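>>> quick one: sequence plus predicted model below, questions after.
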Amino acid sequence: MSNRYAASLATVALLGALGACATMPAPADSGQDSGRGPDSAAPSDGETGVVDSAIGSDSEPIDAQSMDASADDVTVDDVTNDSGSADSGIDARSDSGVDARSDSGVDARSDSGVDARADSGVDAGPFRSSTRHTARMLGYRSAPNGFYEYLPPNYDGTTPTPLLVFWHGVGENGNGTSELSRVLANGPPRLINRDQWPATRPFIVLSAQHAGGGCPTSSEIRAFIAWALANYRVDTARVYLSGLSCGAIGSWNYLGEHLDSQVVAAVLVAGDGRSAWSRQMCMLGRLAIWGFHGDADGTVAPDGTRVTMNNLIACPSPPRRDARLTMYPGVGHDSWSRTYDLSAGHDIYAWLLMQRR
């Protein structure tokens with residue numbers, strides 16, 4: 001019982017003894033908020049961009065290079081049923097109970113039920129990855145591309161942190177400024193922007209936008225990664241590359257020229273690596289690669305991934321590093337939604353983190 005309240009009761013007793021009538025109001029509540037504040041509205045979907053129509057349609061198949069490739073005697077390392085869909089099956093919240101507040105001061109609460117209040121007494125809300133997702137326009141710190149930057153809650157600028165560089169499909173090409181939001185259509189930037197990226201996933205994620213037509217070039221990818229390594233505190237033993245469709249084609253071409261000079265592993269979806277194979281052959285095994293493709297893709301030939309990865313899997317290991325192939329039966333060009341949101345059951349992010357120099 002507080003001194004103030006005890007004194008009040010003593011006053012009542014004294015007045016009663018004098019024959020007076022008095023009432024005392026109950027003490028006010030402390031005003032401390034013990035509940036959670038309302039969630040803010042989720043960001044809009046933006047452009048869905050599920051098919052890179054600019055590089056062909058099911059009726060106009062595109063061969064990413066002129067090399068003939070046969071699918072005879074192909075073995076598939078991992079075949080998955082067509083059960084995945086975008087924005088499902090992913091745990092988008094941290095269970096650590098740690099206050100994962102963004103640099104902007106926006107509350108980021110854990111969903112574990114643990115009281116994760118800061119010393120100030122402010123209630124910590126569910127982790128929202130979008131609060132740590134920032135559009136960086138072309139020219140930011142002399143960056144060669146416009147891009148979206150995601151920094152994990154534990155990024156402090158001094159501790160080496162894994163880096164994931166993502167390249168979009170041709171439908172999201174843009175000028176790096178007013179058209180930069182197109183990058184949010186698919187892949188990791190879509191998940192991050194929709195608060196479907198858990199706080200426990202430790203990557204710096206940089207999603208670059210390719211300007212102009214076609215796919216990103218190998219020199220463009222190399223220059224952007226070099227810029228990232230110079231401007232973030234990156235764990236150089238854990239630098240990863242991923243791309244879908246045209247972004248995967250460009251990434252394959254990059255690997256065909258630069259191998260593991262910058263990156264240690266790649267996840268490439270609906271791309272074409274046959275040119276890279278013809279150039280490097282088993283030398284591609286110097287880095288870990290996981291290729292994904294729908295076997296009914298009418299835009300980018302499935303053999304672009306199937307033949308390349310089966311050739312690589314047949315290389316001696318060691319020295320070849322981990323090489324995996326996942327073909328989705330009956331799936332068309334959009335084999336990336338189920339891959340990136342993990343609804344098909346393949347944890348590409350955990351796999352990437354297993355790969356180190």
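Nice, I can see it. Keep in mind that what you see is a predicted model, and the values were worked out from it rather than measured.

>>> CA only for contacts and neighbour counts going forward, please
Fine.

>>> element containing residue 241?
strand 234-244 (DSSP states H and E).

>>> elements contacting that strand?
Applying 3 or more Cα pairs under 8 Å, 6 or more residues apart in numbering; DSSP states H and E, one finds that strand 234-244 contacts strand 161-167, helix 246-258, strand 265-269.

>>> given it, what are its sheet partners and their directions?
Next to strand 234-244 in the sheet, as set by DSSP bridges, lie strand 161-167 (parallel), strand 265-269 (parallel).

>>> buried ones in stretch 250-268?
Burial within stretch 250-268, assessed by neighbour count using 16 or more other Cα atoms under 10 Å, is assigned to 250-260, 262-268.

>>> hang on, the earlier thing: tabulate the helices and strands packed on strand 234-244 (CSV), appending mean pLDDT and distance to residue 149.
Shown next, in CSV, are the helices and strands packed on strand 234-244 (pLDDT from 0 to 100; distance: least, Cα to Cα, whole Å):
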stretch, mean pLDDT, distance to residue 149
strand 161-167, 99, 10
helix 246-258, 98, 17
strand 265-269, 99, 19
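
>>> of all the strands paired with strand 234-244, which one comes closest to residue 288?
strand 265-269 (4.5 Å; Cα to Cα).

>>> next helix or strand past the closest one?
For strand 265-269, the succeeding helix or strand toward the C-terminus, using DSSP H and E, is helix 274-280.

>>> which neighbouring elements make contact with that next one?
Judged by 3+ Cα pairs under 8 Å, 6+ apart, the packing partners of helix 274-280 are helix 246-258, helix 303-313.

>>> can you redo these as TSV, where the extra columns are distance to residue 349?
Output for the helices and strands packed on helix 274-280, formatted as TSV (distance: least, Cα to Cα, whole Å):
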stretch	distance to residue 349
helix 246-258	17
helix 303-313	19
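
>>> what about the ones you listed, which gets the closest to residue 158?
That would be, of these and by Cα to Cα, helix 246-258, which comes in at 27.9 Å.

>>> who touches that closest one?
52, 64, 166-170, 214-219, 221-222, 241-243, 268-273, 275-277, 279-280, 284 (Cα atoms under 8 Å, 6 or more residues apart in numbering).

>>> angle of that helix against strand 265-269?
Angle, helix 246-258 to strand 265-269, by axes from the mean of the first three to the mean of the last three Cα atoms, to 10 degrees: 140 degrees.

>>> tell me the angle helix 246-258 makes with helix 303-313.
40 degrees.

>>> flag the helix or strand of the chain with the lowest per-element mean pLDDT.
Least confident helix or strand of the chain, by mean pLDDT, DSSP states H and E, is strand 78-79 with a mean of 38.

>>> got the buried residues for the next helix or strand after that strand?
Downstream of strand 78-79, the next assigned helix or strand under DSSP H and E is strand 133-136. The neighbour-count check on strand 133-136 (16+ other Cα under 10 Å) flags 133, 135-136 as buried.

>>> check which helices and strands strand 133-136 sits against.
Short answer (3+ Cα pairs under 8 Å, 6+ apart): strand 133-136 packs on strand 147-150.

>>> give the pairing partners of the strand it packs on; include direction for each.
Strand 147-150 has the following sheet partners, assigned by DSSP bridges: strand 133-136 (antiparallel), strand 204-208 (antiparallel).

>>> residues in contact with it?
When contacts are defined by Cα under 8 Å, 6+ apart, strand 147-150 is touched by residues 129, 132-138, 176, 180, 183, 189, 192, 204-209.

>>> so residue 319 lies in a strand, does it not?
No. Counting by DSSP: H, G, I helix; E, B strand; the rest coil, residue 319 falls outside a strand, being coil.

>>> now do the same contact list for it.
285-286.

>>> per-residue confidence for it?
We have a pLDDT of 96 for residue 319.

>>> roughly how far apart are it and residue 238?
19 Å (Cα to Cα, to the nearest Å).

>>> can you put the buried residues of strand 133-136 in a markdown table and add pLDDT and distance to residue 343?
Listed next are those as a markdown table, based on pLDDT from 0 to 100; distance: Cα to Cα, whole Å:
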| residue | pLDDT | distance to residue 343 |
| --- | --- | --- |
| 133 | 98 | 23 |
| 135 | 98 | 27 |
| 136 | 98 | 29 |
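
>>> tell me the one among those residues nearest to residue 289.
Compare each of the buried residues of strand 133-136 with residue 289 using Cα to Cα and the shortest gap goes to residue 133, at 26.7 Å.

>>> once you drop chain neighbours, what's closest to the closest one?
Among residues not flanking residue 133 along the chain, residue 150 sits closest, at 4.5 Å (Cα to Cα, 6 or more residues apart in numbering).

>>> now tabulate the helices and strands packed on strand 234-244 in JSON lines and tack on distance to residue 294.
JSON lines is the format used below for the helices and strands packed on strand 234-244 (distance: least, Cα to Cα, whole Å):
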{"stretch": "strand 161-167", "distance to residue 294": "19"}
{"stretch": "helix 246-258", "distance to residue 294": "14"}
{"stretch": "strand 265-269", "distance to residue 294": "9"}
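
>>> among these, which comes closest to residue 311?
helix 246-258 (14.3 Å).

>>> buried stuff in the strand or helix carrying residue 352?
If you go by DSSP H and E, residue 352 is part of helix 348-354. Applying a neighbour-count criterion of 16+ other Cα under 10 Å, one finds 348-349, 352-353 buried in helix 348-354.
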